[in-house]
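Peer 1: what's the 3D shape of this:
(chains A and B)
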Protein chains: 2
Amino acid sequence: MKISAIVTLKKEVLDPQGKVVNQTLKNMGYKNISDVRQGKYFEIELDEKDPIKCKEIAEQICKKLLSNTVIENYKINIG
Amino acid sequence: MKISAIVTLKKEVLDPQGKVVNQTLKNMGYKNISDVRQGKYFEIELDEKDPIKCKEIAEQICKKLLSNTVIENYKINIG
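Peer 2: Model prediction:
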């Protein structure tokens, strides 16, 4: 089963990468962009058919490896 | 309006970051993981109410700045 996880910096945390993209887009002429935030995306292929177990494993993986929960949030999508 | 874009490496392109995450997860004891691919995630806040225009701007931004269409695919979500 395929699961995907999106890891983003928390709202209160500065995002210099996003700021650079934002400024670059402004310089390119896109004046109506008010904010850009950048994050990480993971696509994980699991040998597991049960969606509940998949979700559980994904949660563990996100907490233990993919995100730093002090400064980042994660969101998991199954399937 | 909020739009998000996910940029991933094309299937044929090697993904060393994903490989490292995959191997690390295996070393941590997750034996049933068959593949991991990593990508980038962007959250863009636009001062634009029309979803069709938003989509158009997002397409342009993805093509011009956020992705390298030779080796990467992008997926846009509106709202």
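Peer 1: What number of residues are in the vicinity of A:C54?
Peer 2: By other CB atoms under 10 Å in any protein chain shown, 20 other residues sit near A:C54. (Each C-beta comes from the backbone N, C-alpha and C, glycine too.)
Peer 1: For it, list the residues it contacts.
Peer 2: Neighbouring residues of A:C54 by CB atoms under 8 Å, 6 or more residues apart in numbering or on different chains: A:M1, A:I3, A:L46, A:E48, A:I78.
Peer 1: What's the per-residue pLDDT of the second one here?
Peer 2: With respect to pLDDT, A:I3 has a value of 95.
Peer 1: can you tell me if stretch A:59-78 touches chain B.
Peer 2: Yes. Using CB under 8 Å from any CB of the partner chain, stretch A:59-78 reaches chain B at A:I61, A:K64, A:L65, A:L66.
Peer 1: so of the residues you listed, which ones are in helices?
Peer 2: Those of those mapping onto helices are A:I61, per DSSP state H.
Peer 1: Output the set of residues of chain A in proximity to chain B.
Peer 2: Residues of chain A lying near chain B by CB under 8 Å from any CB: A:6-8, A:18, A:21, A:24-25, A:28, A:30, A:32-48, A:57, A:61, A:64-66.
Peer 1: at 7 Å what do you get?
Peer 2: When proximity is defined as CB under 7 Å from any CB of the partner chain, chain A approaches chain B at A:6, A:8, A:21, A:24-25, A:28, A:30, A:32-48, A:57, A:61, A:64-65.
Peer 1: Quick one, which of the residues you listed are buried?
Peer 2: In those, burial by neighbour count holds for A:6, A:8, A:21, A:25, A:30, A:33, A:36-44, A:46, A:48, A:57, A:61, counting by 16 or more other CB atoms under 10 Å in any protein chain shown.
Peer 1: Just to be sure, which of those are found in helices?
Peer 2: Using DSSP H, these in helices are A:V21, A:L25, A:I57, A:I61.
Peer 1: Nearest to B:I52 among the residues you listed?
Peer 2: A:L25 (19.3 Å; CB to CB).
Peer 1: which ones are touching that closest one?
Peer 2: A:I33, A:V36, B:I61, B:L65 (CB atoms under 7 Å, 6 or more residues apart in numbering or on different chains).
Peer 1: From chain A, how far off is the last one?
Peer 2: The span separating B:L65 from chain A equals 6 Å under the rule CB to the nearest CB, to the nearest Å.
Peer 1: Pull up the per-residue confidence for that residue.
Peer 2: B:L65 is assigned 96 on the pLDDT scale.
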